[in-house]
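Student: With the sequence up front, the predicted model follows.
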Amino acid sequence: MRHRAAEALILHLPLIFAGFLMSEHSSPDKLRVAVIGVGYLGRFHALIYSRMPEVELVGVFDTDAERAGTVAAEAGCAGVSSIDDLLDKVDAVSVVVPTSAHLEAAAPFLSRGIHVLLEKPIAATHDAGAEIVRLAQSSGATLQIGHVERFNAGVMALAERIRSPLYIEAQRMGGFVERATDVDVVSDLMIHDIDIILSLVDAEISAISAVGASVLTEHVDIANARLEFANGAVANVVASRVSEKTTRRIRVFQPRTYLSLDFVSQTIDVAETRSVEGEARPAIVRDRIQVEPIKPLDREIAEFVRGIRAGTRPLVDGRVGLKALDVALEVRACIAAAGELQRESLLALSG
């Protein structure tokens, strides 16, 4: 493996060298960007940047030199052997590394005022997340957390119709895949819906309860959490990575209105009561909204670039990401305190 990695690095040395020569003569109108970590998701970051005319993709870094070289060739940029090689050559980076390494990978850039798009969750612990936020605030760098579902066209359309939610149900369930098994389902999947719910309910959480179980990995693979808010709103959230069927749906009940977003079909079902002329009682009017599908990651990265140029605050900044992490950590603590449920008792949840 070492020989193959070395060979790959040698093969890509001309590309690396060319990339740095190019970076020294880059257009001042272009934002110089690099991607740190080019595994499954990081590769997509690199390819998206490579297609953006307002961006110069300077390079990519990965601890796997062979993978870095492969993605660099695919994206038409340099593959570098050290983060230090990028510090004086970029204006912004995407950091797409394992959660436990977020602080270590992001800190060198944030401390120098280099803007960072950091994959979710912001960190593995509150202290690490808080330090990441502090570094960004101290240097004035833009820090955007990659809660990509916020840029889902369906979620954005749903948010426009939310007034005063009373009860929310969220389900995010799918089959098992050999990816992100180093973290539990709360950090991997449920945190998406936690973040969405926090953005929809204008109140602080007053109570959290949760249960969960490990089914196929050493971490919790299926979980159910109940979030109670100070204004009386309640959210019930289910996440599973061991289900036979894929279900990604969020339902919102608010005065006189019910909304149901299907993430898969990108449809929003709406039922609301309306007064009808000549009728003593309001009528229930139903509608189905088909949302025009737009790739959320493309939009997320485009907003990151646009925000840097405009000097505007990200939709999901460090403080928002830290709040979602804190709720996820509390859910995990509740699961640990309650003790794991037996697998048999969760069959109904797994579908």
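Tutor: Arrived safely, thanks for sending.
Student: Which stretches in this structure count as helices?
Tutor: If you assign secondary structure with DSSP state H, the helices in the chain sit at 2-11, 13-24, 40-50, 65-75, 102-110, 126-139, 153-160, 185, 191-200, 296-310, 318-338, 347-350.
Student: among these, which is the most enclosed?
Tutor: Ranked by average neighbour count under the criterion mean count of other C-beta atoms under 10 Å, those are headed by helix 185 at a mean of 29. No exception for glycine: its C-beta is placed from N, CA and C like everyone else's.
Student: and that helix, how far from the chain's centre?
Tutor: With C-alpha atoms, centre = their mean, to the nearest Å as the basis, the distance from the averaged C-alpha position of helix 185 to the chain average is 14 Å.
Student: List the residues that contact the most centrally placed residue in the chain.
Tutor: Nearest residue to the geometric centre of the chain (C-alpha atoms, centre = their mean): residue 147, 2.6 Å. When the contact criterion is C-beta atoms under 8 Å, 6 or more residues apart in numbering, the partners of residue 147 are 120, 191, 192, 195, 316, 320, 321, 324.
Student: I'd like those residues as JSON lines, with distance to residue 40 and pLDDT appended.
Tutor: Conversion of these to JSON lines gives the following (distance: C-beta to C-beta, whole Å; pLDDT from 0 to 100):
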{"residue": "120", "distance to residue 40": "14", "pLDDT": "96"}
{"residue": "191", "distance to residue 40": "18", "pLDDT": "98"}
{"residue": "192", "distance to residue 40": "17", "pLDDT": "98"}
{"residue": "195", "distance to residue 40": "21", "pLDDT": "98"}
{"residue": "316", "distance to residue 40": "21", "pLDDT": "98"}
{"residue": "320", "distance to residue 40": "25", "pLDDT": "98"}
{"residue": "321", "distance to residue 40": "21", "pLDDT": "98"}
{"residue": "324", "distance to residue 40": "22", "pLDDT": "98"}
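Student: Of all pairs in those residues, which one is the farthest apart?
Tutor: Using C-beta to C-beta, those span at most 13.1 Å, a distance reached by 192 and 320.
Student: any residues touching stretch 271-280, and which ones?
Tutor: Contacts with stretch 271-280, where a contact means C-beta under 8 Å, 6+ apart, come from 256, 257, 258, 282, 283, 284, 285, 286, 287.
Student: Which of the residues you listed fall within strands?
Tutor: With DSSP state E as the criterion, strands contain 257, 258, 283, 284, 285, 286, 287 from among these.
Student: quick one on the thing from earlier: whichever of the contacts of stretch 271-280 end up buried, select them in ChimeraX.
Tutor: Under the burial definition 16 or more other C-beta atoms under 10 Å, those of the contacts of stretch 271-280 that qualify are selected in ChimeraX by:
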select :257,258
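Student: what's the farthest-apart pair in the contacts of stretch 271-280?
Tutor: The largest distance within the contacts of stretch 271-280, taken as C-beta to C-beta, falls between 282 and 287 and amounts to 15.4 Å.
Student: and residue 238, how far is that from residue 171?
Tutor: Counting by C-beta to C-beta, to the nearest Å, the gap between residue 238 and residue 171 amounts to 5 Å.
Student: Settle it for me: which of the two has more neighbours?
Tutor: For residue 238 against residue 171, the residue with the higher neighbour count under other C-beta atoms under 10 Å is residue 238, and the figures read 23 against 20.
Student: Quickly list what the more buried one is bridged to.
Tutor: Listed beta-bridge partners, residue 238: residue 171, residue 224 (assigned using DSSP bridges).
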